[in-house]
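# Fold the stuff below for me.
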Amino acid sequence: MSETNDLTPAEARIWRAFPRGESVDFRAAENEDPALGNTLGAERTVRARVLRALLLKAPQEEGEITALEITGARITGVLDLKHATIDAAIRLSHCRFDGVPDLYGAQLRQLDLSWSVLPGLASETLRVEGVLRMTDCRTRGPVRLGGAQISGALFMERAEFTAPDDSEPVLQLNQAVIGGDLWAPQMRSQGQVRLTGASVAGRINVQEAEFNQPDGTALDAQNLNVGAHVRTRRIRAQGRIELRGSRISGRLDLLHAHLSHPGDTALRASSCVIGELWLHDGDRIEGALNLRRSQIEILTLEPEMLPDQVHLTNLTYTVLTPHEPAERRLPMLERDGDRYEPHSYEQLMAAYRHVGDDDAARLVQLAKQRRRRTTLTWYGRLWGYVQDVTVGYGFRPARAAVWLLSLMAVGSIAYGLHHPRPVKADEAPGFNPVFYTLDLLLPVVSFGQESAFAPDGWYQWLSYALIITGWILATTIVAGVTRTVSRQ
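Numbers count the residues shown, from 1 in each chain. The predicted structure follows:
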């Protein structure tokens, strides 16, 4: 082949090392920057077509394991391995690629591009039997790994992904299948990262990562499936975090996170199934939080992180931590637009009952009735106010006793100072102002005083007022007690 007839000294060195799996290091110093590879001379330049021929021809030596291990080289041209099946491990670290490697549909044993600089990577439907490493990798164009199948882990620690424009995501892992972990702490992206429909059998770690797409979706991970935890501690996201429809068996850890997408949704985790969601000790979310229709076993939610808009329709959770007074939790239910969502109140009430805080549960029930009142007609709202003032919709039963004692005191004093005249003087029992007042107030109890005496003047109007008030008080008590018993 022509590739083997005109090898440069650098290429000949690689050709000889390959059959024995030996590493070839062209660096003058370990800390040199591969981004400066365009200034290197021919002694460190390797043509991509020579590497392709080497991998496909695969010269071997008996008793040796072949491997392509190059460090600190400049690779010119396009490394075209479309649909190729390569048995040798490939390690091209600290290298600078002039062209975008094309690994579409390739089947590789192992690929390591750590500390390298690339103008992009075309590797849709790539299959890697072992590990794919892009640790400290820097790309200046889209990295396309959509539909890739990686049997081991994917490492992208401190990797940087940028592109000349935002016409497509800078990192595409949509529909990818990863048999191990996705390990990318301190990753940086200037553009969208796409993980839609991806499946990760192990953990995802993007701790201290930065996702920047201020005018759109910074991380699109709809329908993501994760077999363990997702560690997103201390991430900084400028743009939407999209997790709609995802399933996370373990914990979604958003401790100390900074999420910002003003005027839009900052975090959408709707229709998700999540073991635990930790959202606390971070900055206040800038933008809406959407957890609608999700199922979460343990929800750790700090009130100080909640934004002005919180969407919780049909959200279900078993445990809500940390334990906060109901007064600190209720405002989040009032930030779900102008709609009245009874399920949100019922869910919060159930969470308080789960930990045995019945007082907080009753306070949530009372807040629910007050919110419902705003949706009623004027006469419904009026009756609601009456129930609220008198007995707190049945959740403040002590108020009924206060009202009863107050009205009894007023009537007893008034009628004690001015006895009403008896209807039949010779048949009337002895007048008792206390029991006379109770006869007026209690519609189903009779002490024989009301029928035996007839007040006149303003005392008669007072009796009418006590009778009407008694009926209202009795009705509201019955309605409140009925509501409380039915809820239990």
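# Excluding residues flanking it in the chain, which one is nearest Val444?
Once flanking residues are discounted, Val444 sits nearest to Ala474: 7.5 Å by C-beta to C-beta, 6 or more residues apart in numbering. All C-beta atoms are positioned from the backbone trio N, CA, C, and that covers glycine.
# Could you confirm that neighbour falls within a helix?
Yes: according to DSSP: H, G, I helix; E, B strand; the rest coil, Ala474 belongs to a helix.
# got a pLDDT number for the spatially most distant residue from the centre of the chain?
The outermost residue of the chain relative to its centre, with distances by C-alpha atoms, centre = their mean, is Asp426 at 80.1 Å. What the model reports as pLDDT for Asp426 is 72.
# how far away is it from Pro420?
16 Å (C-beta to C-beta, to the nearest Å).
# For Gln172, give me its contacts.
Contact analysis of Gln172 by C-beta atoms under 8 Å, 6 or more residues apart in numbering lists Glu124, Pro142, Val143, Arg144, Leu145, Gly146, Arg194.
# Show me what it bridges to in the sheet.
Arg144, Arg194 (DSSP bridges).
# what's the pLDDT at it?
At Gln172, the model reports a pLDDT of 96.
# do Asp281 as well
89.
# give me every residue that touches it.
Contacts of Asp281 by C-beta under 8 Å, 6+ apart are Leu255, His256, Glu302.
# cool, and Pro429?
Neighbours of Pro429 in contact, by C-beta under 8 Å, 6+ apart: Gly448, Gln449, Ala452.
# how many neighbours does the last one have?
So the one you mean is Ala452. 18 (other C-beta atoms under 10 Å).
# likewise the first one?
Each residue near Gly448 was counted by other C-beta under 10 Å, and the total is 13.
# a helix runs through it, doesn't it?
No: counting by three-state DSSP, Gly448 is not part of a helix but coil.
# any idea how far it lies from Tyr415?
The value you get for Gly448 to Tyr415, if C-beta to C-beta is used, is 15 Å.
# okay, the contacts of Gln172 in JSON lines with distance to Ser167 and neighbour count next?
Output for the contacts of Gln172, formatted as JSON lines (distance: C-beta to C-beta, whole Å; neighbours: other C-beta atoms under 10 Å):
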{"residue": "Glu124", "distance to Ser167": "17", "neighbour count": "18"}
{"residue": "Pro142", "distance to Ser167": "9", "neighbour count": "25"}
{"residue": "Val143", "distance to Ser167": "14", "neighbour count": "26"}
{"residue": "Arg144", "distance to Ser167": "13", "neighbour count": "25"}
{"residue": "Leu145", "distance to Ser167": "18", "neighbour count": "28"}
{"residue": "Gly146", "distance to Ser167": "15", "neighbour count": "19"}
{"residue": "Arg194", "distance to Ser167": "13", "neighbour count": "26"}
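# which other helices and strands contact whatever helix or strand Leu366 lives in?
Assessed by DSSP states H and E, Leu366 sits inside helix 358-373. Contacts defined by 3 or more C-beta pairs under 8 Å, 6 or more residues apart in numbering; DSSP states H and E place helix 358-373 against helix 326-333, helix 342-354, helix 378-391.
# low-confidence ranges in the stretch 351-488 of the chain?
383, 386-387, 389-401, 425, 428, 476-488 (pLDDT under 70).
# one more time with 90, if that's ok
353-488 (pLDDT under 90).
# I'd say Phe155 and Asp136 touch.
No: using C-beta atoms under 8 Å, Phe155 makes no contact with Asp136, being 9.8 Å away.
# re the thing from before, pick the one among the contacts of Asp281 closest to Ile248.
Among the contacts of Asp281, Leu255 lies closest to Ile248 (C-beta to C-beta), at 15.2 Å.
# Doesn't that closest one lie inside a helix?
No: the assignment for Leu255, made by three-state DSSP, is coil rather than a helix.
# number of nearby residues for it?
Neighbour count of Leu255, defined by other C-beta under 10 Å: 17.
# Over to Val423?
By the criterion of other C-beta under 10 Å, Val423 has 11 neighbours.
# Over to Leu118?
Here the number of neighbours of Leu118 (other C-beta under 10 Å) works out to 24.
# swap in the one 5 residues further on?
Under the neighbour criterion other C-beta under 10 Å, Ser123 is assigned a count of 27.
# now swap in Tyr459 and tell me
A count of nearby residues for Tyr459, using other C-beta under 10 Å, gives 16.
# That one: which element?
Assigned by DSSP H and E, Tyr459 falls in helix 458-487.
# Who has more neighbours out of Phe155 and Asp136?
Ranked by neighbour count (other C-beta under 10 Å), Phe155 and Asp136 place Phe155 first, with 22 against 19.
# List the contacts of that one.
Counting by C-beta under 8 Å, 6+ apart, Phe155 touches Ser114, Val131, Leu132, Arg133, Met134, Thr135, Trp183, Ala184.
# same thing but 10 Å
With contact set as C-beta atoms under 10 Å, 6 or more residues apart in numbering, Phe155 has these partners: 112, 114, 131-137, 180-185, 205.
# thinking again about what came up before, may I see the buried residues of the helix holding Leu366?
Of all the residues in helix 358-373, those buried under the rule 16 or more other C-beta atoms under 10 Å are 360-369, 371-373.
# Looking at those residues, which is nearest Pro322?
Within the buried residues of helix 358-373, proximity to Pro322 (C-beta to C-beta) peaks at Ala360, which comes in at 13.2 Å.
# any idea how far Ile241 is from that closest one?
To Ile241, Ala360 is 31 Å away according to C-beta to C-beta.
# Okay, now the unreliable bits of the stretch 101-250 of the chain?
Residue ranges of the stretch 101-250 of the chain with pLDDT under 90: 163-167, 215.
# so Tyr317, which of the three states?
strand.
# Tell me which residues touch the residue most central in space within the chain, please.
Centroid-nearest residue in the chain: Ala269, 4.5 Å away (criterion: C-alpha atoms, centre = their mean). Ala269 sits next to 221, 241-246, 248, 252, 254, 277, 279, 289-292, 294, 296, 315 when contact means C-beta under 10 Å, 6+ apart.
# what's the nearest residue to it once chain neighbours are set aside in contact with, if anything?
Nearest non-adjacent residue to Ala269, counting by C-beta to C-beta, 6+ apart: Leu243, 4.4 Å away. By C-beta under 10 Å, 6+ apart, the contact set of Leu243 is 195, 219-224, 230, 252, 267-272, 274, 290-291, 294.
# Now intersect those residues with the helices, please.
The members of the contacts of Leu243 all map outside helices under DSSP state H.
# First-to-last residue distance for stretch 414-427?
Between the opening and closing residues of stretch 414-427 lies a distance of 23 Å (C-alpha to C-alpha, to the nearest Å).
# Would you mark the buried spots in it?
Neighbour-count burial for stretch 414-427 [16+ other C-beta under 10 Å]: Ala414, Tyr415, Pro420.
# For the strand or helix carrying Tyr436, which residues meet the burial criterion?
Using DSSP H and E, Tyr436 sits within helix 433-441. Buried positions in helix 433-441, judged by neighbour count with 16+ other C-beta under 10 Å: Pro433, Val434, Phe435, Tyr436, Thr437, Leu438, Asp439, Leu440, Leu441.
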